[in-house]
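Novice: Quick one, structure for this:
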Amino acid sequence: MDHPRRRPPDRRRRRLAAPLLVLVVVAVGCGGSEPPDAASDSVSSEPVTTADTTDATAEPSSDAPRRLLAPVSPTDARRTGSLTTSDGRTRTWSMYVPSSLATPAAPLVIALHGGLGNGVQFADNSRLDGFAEANGFVVAYPDGIGGALGRDDLRTWNAGSCCGQAVVQQVDDVAFVRAMVDTLRADPELGLDGERVVALGHSNGGMMAHRLGCDAADLVAGVGSYGSSVEIEPCVPSQPVSVMAVHGTADTNHPLEGGRGNGVSGSSFAPVAAGIAAFAQADECSDEPETSTQGDLTTEEQTACDDGVFVRLVTIAGASHAWPGGTGPSAAVVGPAYADYDASFEIVAALLVAPR
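Specialist: Residues are numbered from 1 along each chain as shown. Coordinates of the predicted model:
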């Protein structure tokens, strides 16, 4: 039947042919962390470092979508930006621009930190700068609002029912992300592909990425998360959007089955699978999830969805709330990061081949 959310076929084909674009969100979830200070309005003079980088690349086959190349060492410092939102707040972000941008237009990756984190903290933890440098996309790390536990550097997002001061003050974070993307699109130096934007995040940031999928599907082609759930109801995307959610079975900050975690937010979360099912229904997926298990990883995926999008849930046996493959000092708070899965690589690589 006709679907009011569909884009014209020619626009979908442009997305299939375009280079990669990705939005990422990361932080130390609602369990707490020791994040660095939030970015200032000036370009940092300190060099950006990325742990465990490699120059190895994966060559795509002639008939396959472009694959994500392995990270390399960033060549420049991160930039910073700010804007004033309609509620009078000054909102900030950090950004990494690679030395060589993808042509003919660079994708945009929006990376959202978790609760009690900030953009700089998540940038360091996720190593996304290195992926951006290797693949020619721009990555932006917006900051939530401060005030958690009385500290301005501990920031949260209004993802619906979670978290912190962002929810208490009913901050319109969807509007902020829209305004940030508009600002970056208007920068002729970046030459961004306005249609190739994806968002992903960690914990509260992943919830915010899901909210963008629900409330701003015209802005993002796909959303990804780790340690997160859909905390906005109802979730009614204006058009189909690809979704990739990853979760650890040993995550006690945000239990896979939902309910109250042991983090400082005191929130009671929705079951992870319920949000994935909501997206599958909105995307009009007609197939049952196909399940496969390899080692600690169990993947449930639906691909017979409207406009060729996909909905995927990956669970990692024994993984904690910490960003898998991350480098942050969060083990004492949320458990050690699962080392045999690189969430940044896997989520970005999946969303890059999404058809929208």
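Novice: From now on I want contacts and neighbour counts done on CA atoms only, so please keep to that.
Specialist: OK.
Novice: Okay, strands next: where are they in this structure?
Specialist: 79-84, 90-96, 106-112, 138-142, 192-202, 222-226, 242-248, 259-260, 268-269, 290-294, 297-302, 311-316 (DSSP state E).
Novice: Show me what the first one is packed up against.
Specialist: Put plainly, it is strand 79-84. For strand 79-84, the elements it packs on are strand 90-96, judged by 3 or more C-alpha pairs under 8 Å, 6 or more residues apart in numbering; DSSP states H and E.
Novice: follow-up on the earlier one: and among the strands of the chain, the most buried is which?
Specialist: Of all the strands of the chain, strand 222-226 has the most neighbours on average by mean count of other C-alpha atoms under 10 Å, namely a mean of 34.
Novice: Excluding its own residues, what touches that one? List them.
Specialist: 22-25, 197-203, 205-207, 209-210, 212-213, 241-247, 323, 343, 347-348, 351, 354, 356 (C-alpha atoms under 8 Å, 6 or more residues apart in numbering).
Novice: ok, that strand: who's next to it in the sheet?
Specialist: Strand 222-226 sits in its sheet next to strand 192-202 (parallel), strand 242-248 (parallel), going by DSSP bridges.
Novice: Around Gly88, count how many other residues there are.
Specialist: When neighbours are counted by other C-alpha atoms under 10 Å, Gly88 registers 8.
Novice: Mind jotting down where the helices sit in the stretch 51-200 of the chain?
Specialist: Taking DSSP state H, counting those that start in this stretch, the helices of the stretch 51-200 of the chain run over residues 119-126, 128-135, 164-168, 173-185.
Novice: Look at Thr327 and report its pLDDT.
Specialist: Looking at Thr327, its pLDDT reads 84.
Novice: Same check on Ala51?
Specialist: 33.
Novice: what about the closest residue to Asp215 other than its chain neighbours, neighbour count?
Specialist: Distances taken as C-alpha to C-alpha, 6 or more residues apart in numbering place Pro237 nearest to Asp215, at 5.9 Å, with adjacent residues excluded. Pro237: 20 surrounding residues under other C-alpha under 10 Å.
Novice: Likewise for Gly150?
Specialist: Neighbours of Gly150 using other C-alpha under 10 Å come to 9.
Novice: With Glu189 instead?
Specialist: Neighbours around Glu189, by other C-alpha under 10 Å: 10.
Novice: distance of it from Leu101?
Specialist: Going from Glu189 to Leu101 by C-alpha to C-alpha, to the nearest Å gives 10 Å.
Novice: just Asp251 next, same as before
Specialist: 37 Å.
Novice: And Pro71, by the same measure?
Specialist: Following C-alpha to C-alpha, the distance that separates Pro71 from Leu101 is 15 Å.
Novice: neighbour count winner among those two?
Specialist: The neighbour count for Pro71 versus Leu101, taken as other C-alpha under 10 Å, is higher for Pro71 (24 against 21).
Novice: Quick check, that one in contact with Gly130.
Specialist: Yes - applying C-alpha atoms under 8 Å, one finds Pro71 in contact with Gly130, separated by 4.4 Å.
Novice: Excluding sequence neighbours, find me the nearest residue to Asp193.
Specialist: Nearest one to Asp193, counting by C-alpha to C-alpha, 6+ apart, is Ala105 at 4.9 Å.
Novice: what number of residues lie near the one you found?
Specialist: 20.
Novice: Could you list the low-pLDDT ranges of the stretch 201-350 of the chain?
Specialist: 329-332 (pLDDT under 70).
Novice: Count the residues that sit near Glu233.
Specialist: 12.
Novice: correction: Met207
Specialist: 34.
Novice: quick one, what contacts it?
Specialist: Met207 neighbours (C-alpha under 8 Å, 6+ apart): Ala159, Cys162, Gly201, Ser225, Ser228, Ser229, Val230, Glu231.
Novice: so the third one makes contact with Ala111?
Specialist: Yes - Gly201 is in contact with Ala111 according to C-alpha under 8 Å; the separation is 5.7 Å.
Novice: From Thr85, how far off is Ala111?
Specialist: Taken as C-alpha to C-alpha, the span from Ala111 to Thr85 is 19 Å.
Novice: coming back round to it: would you mind measuring from the residue nearest to Asp215 to Val220?
Specialist: 11 Å.
Novice: hang on, the earlier thing: and which of the contacts of Met207 is nearest Thr327?
Specialist: Nearest to Thr327 out of those is Gly201 (C-alpha to C-alpha; 15.4 Å).
Novice: Is that closest one bridged to anything, and to what?
Specialist: What pairs with Gly201, by the bridge criterion (DSSP bridges), is Leu112, Ser225.
Novice: try Thr299
Specialist: Ser292, Val314.
Novice: wait, isn't it in contact with Ala317?
Specialist: No - contact criterion C-alpha under 8 Å: Thr299 and Ala317 do not qualify, at 11.3 Å.
Novice: what sits in contact with each of the two?
Specialist: Contacts common to Thr299 and Ala317, judged by C-alpha under 8 Å, 6+ apart, are absent.
Novice: From Ser268, how far out is Asp342?
Specialist: With C-alpha to C-alpha as the criterion, Asp342 and Ser268 are 27 Å apart.
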